[in-house]
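S.K.: Structure for the following, please:
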Amino acid sequence: MSKSVKPVKPVKPVDIELVFVYACPFCKRELTMIAPTMAAMVQCDVCGKHFPVVPVEERTVSFIRLILNNGAAAVDIDYM
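M.R.: Got it, this is the predicted structure:
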């Protein structure tokens, strides 16, 4: 006899991360970073060269998180 398995309900987001794309100035490879709020040196995973990135403003990141209610407000209402 097989056990009946309940279908799993879709899961809503509980948090959000902003991803920014930076182009390597040497090879043009696009690198993604999660909201770098401090200046940093990064290494390209293709050419291996290091370069500095301009940070994003923490207040802007916080504002976007706030207006999207940490991702909950971005849920497709027609799906739910």
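
S.K.: residue boundaries of the strands in the chain?
M.R.: Secondary structure of the chain (DSSP state E): strands located at 19-23, 30-34, 40-43, 50-53.

S.K.: can I get those in a markdown table with mean pLDDT?
M.R.: Below are these laid out as a markdown table (pLDDT from 0 to 100):
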| stretch | mean pLDDT |
| --- | --- |
| strand 19-23 | 97 |
| strand 30-34 | 97 |
| strand 40-43 | 97 |
| strand 50-53 | 98 |
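
S.K.: now those strands as TSV including distance to residue 59?
M.R.: Heads up, the C-betas are built off the backbone N, CA and C, glycines and all. Formatted as TSV, the strands of the chain follow (distance: least, Cβ to Cβ, whole Å):
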stretch	distance to residue 59
strand 19-23	15
strand 30-34	17
strand 40-43	19
strand 50-53	18
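
S.K.: Can I get the ones you listed in JSON lines including mean neighbour count?
M.R.: As requested, those are exported to JSON lines (neighbours: other Cβ atoms under 10 Å):
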{"stretch": "strand 19-23", "mean neighbour count": "12"}
{"stretch": "strand 30-34", "mean neighbour count": "12"}
{"stretch": "strand 40-43", "mean neighbour count": "12"}
{"stretch": "strand 50-53", "mean neighbour count": "13"}
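
S.K.: Thank you kindly, that will do.
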